[in-house]
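**Student:** Quick one: sequence and predicted model below, then my questions.
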Amino acid sequence: MADKVLIIAEAGVNHNGSLELAKKLVDTAKECGADIVKFQTAKLSSLVSKSAPMAEYQKNNIGKEESQKDMLSKLLLPFDDFITLANYCKEVGIKFLSTPFDIESIRFLDPLLDIWKIPSGEITNYPYLVEIAKTNKDMILSTGMCTMDEVADAVKVLKENGTGKLTILHCTTNYPTPMKDVNLKAMLALKEKFGCDVGYSDHTQGIEVPIAAAALGATVLEKHFTLDRNMEGPDHKASLEPDELRQMVLSVRNIEMALGDGNKQPTEAELKNRLVARKSIIAAKEIKTGDIFSEDNLTTKRPGSGISPMRWNEVIGQKAKRDFKEDELIEL
């Protein structure tokens, strides 16, 4: 990954099955300053069985209950549309990414991508992990719903089968995620456990948590976005609208600059301010030649252009070599 935080604007299925809406999401991600716009690619027949129920959050966000298959049939784009989107991203000037949800989608997307994003739901899918690792590309791995042991199992499979550089994202799979369930420190635990770059895939409402993740050292941030949170669909309610996405990107970039290089030293601006803000050893009253410098005739005051008060003990006890007026800087 690059030195700066890689910001993934997750369009997901917030295009509601419309290629034109998907293109508008690409435009928005670019305008808001994201590095990558990401979609989701799946073959419905390979992804879900007829009997698979909707998640509770999906029922709540859509406001009705149907099978997962029926819901997804209205949201997934055909494969050809992703070729169109990949080309459109090149025109717009933003990196294209799509998460595959089955082996057929991995094989289809392989020529279109130079990096993979593995979703949390596939982390225990052994055949999927083997297939995607065999492409030898860099991986971003989401870990929602996982124990540390499950993450370790997935990492082992990926590494044994040829994956490139691995970045692990902490994630809580709930849309939206309550603040009490974020557990952002788990991102640091993943870094310590696996010794690799880490990041955060956010499903909270608002932008505070991804900004905090950037401050804690996330190298990748992922956040769902939509053109309108009131649109029908399972993920819109946990997504940022364009103005919010723009503010998140700006805030993360500011945090990035604020983190600096870790070396404690004054900035160029601070060097100019030291003269004004620091103090020097000053004559507290009139001092004659030959007088002994003491706590009675010396004090410390601004400006900081004279002898530093850190040399106080060195100055005390010495003889004045000339006369000093009150408030005059002391010289040795």
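**Tutor:** Arrived safely.

**Student:** switch to C-alpha atoms for all contacts and neighbour counts from now on
**Tutor:** Fine.

**Student:** you'd agree Ile94 is up against Gly33?
**Tutor:** No: with contact defined as CA atoms under 8 Å, Ile94 does not reach Gly33; the gap is 9.1 Å.

**Student:** residues in contact with stretch 82-92?
**Tutor:** With CA atoms under 8 Å, 6 or more residues apart in numbering as the test, stretch 82-92 has contacts from Ala22, Lys23, Val26, Asp27, Lys30, Lys95, Phe96, Leu97, Leu112.

**Student:** Which members of those are positioned in helices?
**Tutor:** Those of the contacts of stretch 82-92 mapping onto helices are Ala22, Lys23, Val26, Asp27, Lys30, per DSSP state H.

**Student:** farthest-separated two in those?
**Tutor:** Maximum pairwise distance among those (CA to CA): 12.6 Å, between Ala22 and Lys30.

**Student:** list the contacts for Gly304?
**Tutor:** Gly304 is in contact with Arg274, Leu275, Val276, Ala277, Arg278, Lys279, Ser280, counting by CA under 8 Å, 6+ apart.

**Student:** between those residues, which has the most around it?
**Tutor:** Within those, most neighbours by other CA atoms under 10 Å means Ser280, with 23 neighbours.

**Student:** What residues does the closest residue to Ala215 other than its chain neighbours make contact with?
**Tutor:** Sequence neighbours aside, Ile255 is the residue nearest to Ala215 in space, at 6.3 Å (criterion: CA to CA, 6 or more residues apart in numbering). Contact analysis of Ile255 by CA under 8 Å, 6+ apart lists Ile211, Ala214, Ala215.

**Student:** Let me have those residues in TSV, adding secondary structure and distance to Ser67 as columns.
**Tutor:** Shown next, in TSV, are those (DSSP: H, G, I helix; E, B strand; the rest coil; distance: CA to CA, whole Å):
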residue	secondary structure	distance to Ser67
Ile211	helix	36
Ala214	helix	37
Ala215	helix	40
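
**Student:** Name the nearest of those residues relative to His203.
**Tutor:** His203 has its nearest neighbour among the contacts of Ile255 in Ile211, at 13.0 Å by CA to CA.

**Student:** Report how many residues lie close to the closest one.
**Tutor:** As a burial measure, Ile211 scores 20 neighbours (other CA under 10 Å).

**Student:** what's the pLDDT at the residue nearest to it when sequence neighbours are not counted?
**Tutor:** Computed as CA to CA, 6+ apart, the closest residue to Ile211 that is not its neighbour in sequence is Val252, at 5.5 Å. Val252 carries a pLDDT score of 98 in this model.

**Student:** In the one helix or strand Val252 maps to, which residues are buried?
**Tutor:** Assessed by DSSP states H and E, Val252 sits inside helix 242-259. For helix 242-259, burial by neighbour count (16 or more other CA atoms under 10 Å) applies to Pro242, Leu245, Arg246, Met248, Val249, Leu250, Ser251, Val252, Arg253, Ile255, Glu256.
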